[in-house]
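Engineer: could you work out the structure for the sequence below:
(one chain, ligands or ions: 1)
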Amino acid sequence: MHRTRIKICGLTREEDVAAAVADGADAVGFVFYPKSPRYVTPARAAELIATLPPFVMPVGLFVNASADEVAETARVAPVALLQFHGDETAAQCAGAAAAANRPFMRVFRVKGDTAGSELLEYEAQCRASSHLFAGLLLDTFVDAYGGAGKVFDWSLIPKDLAPRAVLSGGLSVQNATGAVAQVRPYAVDVSSGVEAAKGIKDASLIAQFIAAVRAGDAISGNDA
Ligand SMILES: O=C(O)c1ccccc1NCC(=O)[C@H](O)[C@H](O)COP(=O)(O)O
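Structural biologist: Residues are numbered from 1 along each chain as shown. Here you go, the predicted structure:
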């Protein structure tokens with residue numbers, strides 16, 4: 001049976017990485033977008049990644065970076081998966097992933113009038129664009145690209161897409177159980193909802209969030 005995977009994003013401190021690992025996070029995200037308050041340099045991310053045990057995936061997050069920037073970042077910081085969170089075209093994502101020789105996630109930033117069929121078409125285009133495409137992260141459309149703590153209408157997610165999708169955008173201790181029980185996504189991703197301040201995670205909120213996801217798995221019969 002499927003257990004909802006969990007990514008904690010926007011980590012900047014060793015103690016926050018340790019808290020995510022201790023509570024069972026499957027992945028940790030490092031933001032390489034300089035305008036983000038959660039930005040870390042590739043060298044700083046390398047220090048944080050060096051603290052990870054096996055089987056916790058480091059994810060590198062980019063917004064409109066060039067293929068050379070992505071490749072150089074991945075050379076310095078050994079991320080296992082790329083996440084393209086800007087306005088990148090399919091070709092730009094495929095080219096950057098090939099340059100870095102890493103699999104990647106693309107992001108669909110959902111608006112109020114987004115149709116479920118658009119998500120399926122977008123995923124199909126991504127899959128056709130590169131053998132390195134690993135999956136689709138669904139986030140809420142915001143001007144700052146992401147990390148805004150805003151939810152979108154989960155009911156528009158097609159039932160046959162959910163088991164392959166990463167649900168993101170405004171998840172929290174308060175809504176994670178319901179999100180998992182309703183959507184039954186492959187994984188969830190959270191940043192603001194487990195923070196004491198931008199880029200500063202709260203260990204108790206991380207633990208509560210992961211427990212809330214597990215409660216959602218129990219309700220939907222997903223627990224392993
Ligand atoms: O986290 C950021 O500051 C950020 C900035 C620009 C683009 C993406 C960003 N984060 C990407 C993530 O994967 C976040 O976890 C995702 O947007 C959800 O954030 P939140 O709604 O705060 O949980």
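
Engineer: show me which residues of this structure are close to the ligand?
Structural biologist: 9-10, 29, 31, 33, 36, 38, 61, 63, 85, 139, 144-149, 168-171, 189-193 (C-beta under 6 Å from any ligand atom). Every residue, glycine included, has its C-beta placed from N, CA and C.

Engineer: how does it look with 5 Å?
Structural biologist: Listed as neighbours of the ligand in the chain under the rule C-beta under 5 Å from any ligand atom: 9-10, 31, 33, 36, 38, 85, 139, 145-147, 149, 168-170, 189-192.

Engineer: residue 144 and residue 195, how far apart?
Structural biologist: Residue 144 sits 15 Å away from residue 195, taking C-beta to C-beta, to the nearest Å as the criterion.

Engineer: between the two, which is the more surrounded one?
Structural biologist: Applying other C-beta atoms under 10 Å to residue 144 and residue 195 shows that residue 195 carries more neighbours, namely 20 against 11.

Engineer: excluding its backbone neighbours, what's nearest that one?
Structural biologist: residue 201 (5.6 Å; C-beta to C-beta, 6 or more residues apart in numbering).

Engineer: look at the one you found and say how many residues are nearby.
Structural biologist: 25.

Engineer: which residues does the most centrally placed residue in the chain contact?
Structural biologist: Central residue of the chain (C-alpha atoms, centre = their mean): residue 189, 4.7 Å from the mean position. The contact partners of residue 189, by C-beta atoms under 8 Å, 6 or more residues apart in numbering, come to 6-9, 29, 137, 139, 166-168, 171.
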